[in-house]
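Asker: Just need the structure, nothing else, for what follows:
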Amino acid sequence: MKTRIRSAGMALMSAIFLIVVLIGLGVAMMNLSNVEHDTASKAILAAKVYYGAKAGIDWGLQQSIAAGSCVGSTINLTTGSLNGATVTVTCAAAQQGAATCGLTGTSNCQTYYLTSVATTGALGTLSYAERRIEATVSNIP
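Answerer: Numbering: from 1, shown residues only. Here you go, the predicted model:
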């Protein structure tokens with residue numbers, strides 16, 4: 001009977017050890033879940049600002065070629081999945097030489113340098129994301 005008395009506390013120690021291990025696994029799983037959620041949120045923000053910047057470049061290219069002038073603007077996107085993104089489009093034009101334009105019969109040959117910067121969220125917060133896209137286009141035939 002003495003051997004049974006000595007081993008009576010072993011089950012309690014095993015149970016406490018098992019509970020501690022299970023709590024540790026639960027905490028690790030919660031941390032992993034939070035990291036996965038943050039990664040998915042950052043991917044959505046990155047896609048939002050990428051497509052916002054791409055839309056800004058497309059708009060700037062269309063304005064430059066169709067209007068024949070350099071147009072820049074700040075656009076607040078408010079519809080669809082781009083809601084909350086702000087796009088700033090800047091443009092710089094450079095006149096091309098007369099030798100290049102004279103050959104094609106065009107008198108106003110321009111090269112446009114466009115930059116589109118899309119942002120969402122407030123700078124310094126976890127919900128902030130920014131994307132910059134640059135493009136060059138010319139009306140030289």
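Asker: what's the closest non-adjacent residue to the residue nearest to the spatial centre of the chain?
Answerer: By Cα atoms, centre = their mean, the chain has its centre lying nearest to residue 46, at 2.0 Å. Nearest non-adjacent residue to residue 46, counting by Cβ to Cβ, 6 or more residues apart in numbering: residue 129, 5.9 Å away. All C-beta spots, glycine's among them, are computed from the backbone N, C-alpha and C.
Asker: List the contacts of the one you found.
Answerer: 42, 45-46, 48-49, 119-121 (Cβ atoms under 8 Å, 6 or more residues apart in numbering).
Asker: which among those residues end up buried?
Answerer: With neighbours counted by 16 or more other Cβ atoms under 10 Å, the contacts of residue 129 contain buried members at 45, 48-49, 119-121.
Asker: quick one: residue 56 from residue 131, how far?
Answerer: 10 Å (Cβ to Cβ, to the nearest Å).
Asker: and the two? which has more neighbours close in?
Answerer: residue 56 (30 against 22; other Cβ atoms under 10 Å).
Asker: Need the pLDDT of the more buried one.
Answerer: At residue 56, the model reports a pLDDT of 92.
Asker: who are the neighbours of the helix or strand encompassing it, in terms of helices and strands?
Answerer: Element membership for residue 56, per DSSP states H and E: helix 10-67. With contacts taken as 3 or more Cβ pairs under 8 Å, 6 or more residues apart in numbering; DSSP states H and E, helix 10-67 sits against strand 73-76, strand 86-95, strand 110-120, strand 129-138.
Asker: Using CSV, write out the CA atom coordinates for the first one.
Answerer: Extracted C-alpha coordinates of strand 73-76, given in CSV (Å, rounded to 0.1, in the frame of the first residue of the first chain):
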residue,chain,number,x,y,z
SER,A,73,-5.1,66.4,-60.2
THR,A,74,-5.9,64.8,-56.9
ILE,A,75,-8.8,62.4,-57.0
ASN,A,76,-10.6,60.9,-54.0
